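Asks: Model the structure of this input:
(chains A and B)
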Amino acid sequence: MTHDELDRQIVLATQSGLPLVAEPYAQIATGLGIAEAELLERLRAMQADGRMRRIGAVPNHYRLGYRSNGMTVWDVPDDRVMALGERIGALPFVSHCYRRPRHPPDWPYNLFAMVHGRSRAETDAKAAQVADEIAALLGYACRDWRVLYSSAILKKTGMRFSG
Amino acid sequence: MAETTPAATPLDELDRRIVNQLQCGFPICSHPYAAAAEALGCDEGELLARLRALLDSGLLSRFGPLYNAEKLGGALSLCAIAVPEARFAEVTEQVNAHPEVAHNYRREHRLNMWFVLATDSLAAQRATLDAIQAETGLAVHNMPKEAEFFVGLHLAA
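Replies: Just a heads-up that it's a prediction; the model follows:
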């Protein structure tokens, strides 16, 4: 994978969104002084090697009615965390799933799964489903887990690449 | 500054299909809206108008390419601080003042402030963490991801 100056320019020109015009890529290409075909090829290459995850719509969870956002955190054996993560990440109501370092004694948890629900009761029920799934895979109940609810959004500006 | 949570916005059936399907992907071709509209069973002009309205109302926070920061050479980390209640507003201001802080949530736990740091490099991540620790006098727990699992996220509209 090479990410050259033109790729960097493409990221900067598109990170705030795709123009809402019939030929959005042609418009971006004109701005960059390249042919549309070259831009299409570059975008396909970035998507193929994972530099771009996809082109798509990002909904505002709250506006869709998903007002309860619970960060579920799990203390699972290190030698099982990868297999568990694969299964938990695939659950339809889990939006992010990561392995992260523990910070004992304050923080014993090594698997994080973000769960969204329309109410706290719905999110609790989904977290309980994650617990069941983990118990089924381990053959015993997870030794320690929590749901951390967000009680306020303090900042949400998103990521910006500065080039 | 904490944001108030707006009520859910009513959507009609076509809006729902647009939000649901376009979370999964969008064509890379000369007339992508026409191609996407055909799959949705509407026409290009209608899709463009609906997307504009969904973005204007804030129901969609963005529409376009989603890049993977780490694969572009950047660094991301989730960080947590146990903030004393009496200092919560002051520490929120200190942390949010850093442009590298992409989002910040208050959560119900002894570790009650959770924020994402997005930087151009690992060195910049370290420097920002150090600055926040120095300014607040509080320990920042750095929890960069060690593995990312495939997620099939689609929030049903």
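Asks: in its sheet, what does the longest strand that chain A contains sit against?
Replies: What stands out as the longest strand in chain A, according to DSSP state E, is strand A:144-156. Here strand A:144-156 has these sheet partners by DSSP bridges: strand A:68-75 (antiparallel), strand B:101-107 (antiparallel).
Asks: Just say which of the ones you listed is most tucked in.
Replies: For those, the largest average neighbour count (mean count of other CB atoms under 10 Å in any protein chain shown) is found in strand A:68-75, namely a mean of 21. In this view, the C-beta of every residue, glycine as well, is placed from N, C-alpha and C.
Asks: which residues sit in contact with the closest residue to residue B:96 other than its chain neighbours?
Replies: Distances taken as CB to CB, 6 or more residues apart in numbering or on different chains place residue A:155 nearest to residue B:96, at 4.7 Å, with adjacent residues excluded. Residues counted as contacts of residue A:155 (CB atoms under 8 Å, 6 or more residues apart in numbering or on different chains) are B:95, B:96, B:101, B:102, B:103, B:104, B:115.
Asks: My guess is the third one contacts residue B:116. True?
Replies: Yep, that's residue B:101 we're talking about. Yes. Counting by CB atoms under 8 Å, residue B:101 does reach residue B:116; the two are 7.2 Å apart.
Asks: ok so residue A:141 is a strand residue?
Replies: No. Counting by DSSP: H, G, I helix; E, B strand; the rest coil, residue A:141 is not part of a strand but coil.
Asks: Distance-wise, check it relative to residue A:128.
Replies: Residue A:141 sits 11 Å away from residue A:128, going by CB to CB, to the nearest Å.
Asks: Now tabulate the strands paired with strand A:144-156 in JSON lines and tack on mean pLDDT.
Replies: Converted to JSON lines, the strands paired with strand A:144-156 look like this (pLDDT from 0 to 100):
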{"stretch": "strand A:68-75", "mean pLDDT": "94"}
{"stretch": "strand B:101-107", "mean pLDDT": "94"}
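Asks: out of these, which comes closest to residue A:96?
Replies: When these are compared by CB to CB, strand A:68-75 sits nearest residue A:96, at 8.9 Å.
Asks: Just the CA trace of the closest one, in PDB.
Replies: Extracted C-alpha coordinates of strand A:68-75, given in PDB (Å, rounded to 0.1, in the frame of the first residue of the first chain):
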ATOM      1  CA  SER A  68     -29.300   4.800  25.300                       C
ATOM      2  CA  ASN A  69     -25.700   4.100  24.600                       C
ATOM      3  CA  GLY A  70     -24.000   1.600  26.800                       C
ATOM      4  CA  MET A  71     -20.300   0.700  26.700                       C
ATOM      5  CA  THR A  72     -20.200  -2.900  27.800                       C
ATOM      6  CA  VAL A  73     -16.800  -4.000  29.200                       C
ATOM      7  CA  TRP A  74     -15.800  -7.500  29.900                       C
ATOM      8  CA  ASP A  75     -12.900  -9.200  31.800                       C
END
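Asks: ok, the spatially most central residue of chain B - contacts?
Replies: Geometric centre of chain B, nearest residue: residue B:103, 7.1 Å, by CA atoms, centre = their mean. Taking CB under 8 Å, 6+ apart, we find residue B:103 in contact with A:153, A:155, A:156, A:157, A:158, B:115, B:116.
Asks: Just send those back as CSV, with pLDDT and distance to residue A:122 too.
Replies: Listed next are those as CSV, based on pLDDT from 0 to 100; distance: CB to CB, whole Å:
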residue, pLDDT, distance to residue A:122
A:153, 85, 19
A:155, 87, 26
A:156, 81, 22
A:157, 74, 28
A:158, 67, 26
B:115, 97, 26
B:116, 95, 25
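Asks: When you filter the residues you listed down to buried only, what's left?
Replies: Listed as buried from those are A:153, A:155, B:115, B:116; burial here means 16 or more other CB atoms under 10 Å in any protein chain shown.
Asks: I figured the first one was touching residue B:105, is that so?
Replies: What that stands for is residue A:153. Yes. Counting by CB under 8 Å, residue A:153 touches residue B:105, with 6.0 Å between them.
Asks: ok, so of the buried ones among the contacts of residue B:103, who is nearest residue B:71?
Replies: Using CB to CB, those come closest to residue B:71 at residue B:116, 16.8 Å.
Asks: The residue nearest the centre of chain A bridge partners, please.
Replies: Central residue of chain A (CA atoms, centre = their mean): residue A:96, 4.6 Å from the mean position. Counting by DSSP bridges, residue A:96 forms beta bridges with residue A:114.
Asks: Now do the same for residue A:160: its pLDDT.
Replies: Looking at residue A:160, its pLDDT reads 67.
Asks: ugh, wrong one, residue A:58
Replies: pLDDT, residue A:58: 89.
Asks: got a list of what it touches?
Replies: Neighbour list for residue A:58: B:23, B:60, B:61, B:62, B:63, B:66 [criterion: CB under 8 Å, 6+ apart].
Asks: Recalculate using a threshold of 6 Å.
Replies: Residue A:58 makes contact with B:61, B:62 under the criterion CB atoms under 6 Å, 6 or more residues apart in numbering or on different chains.
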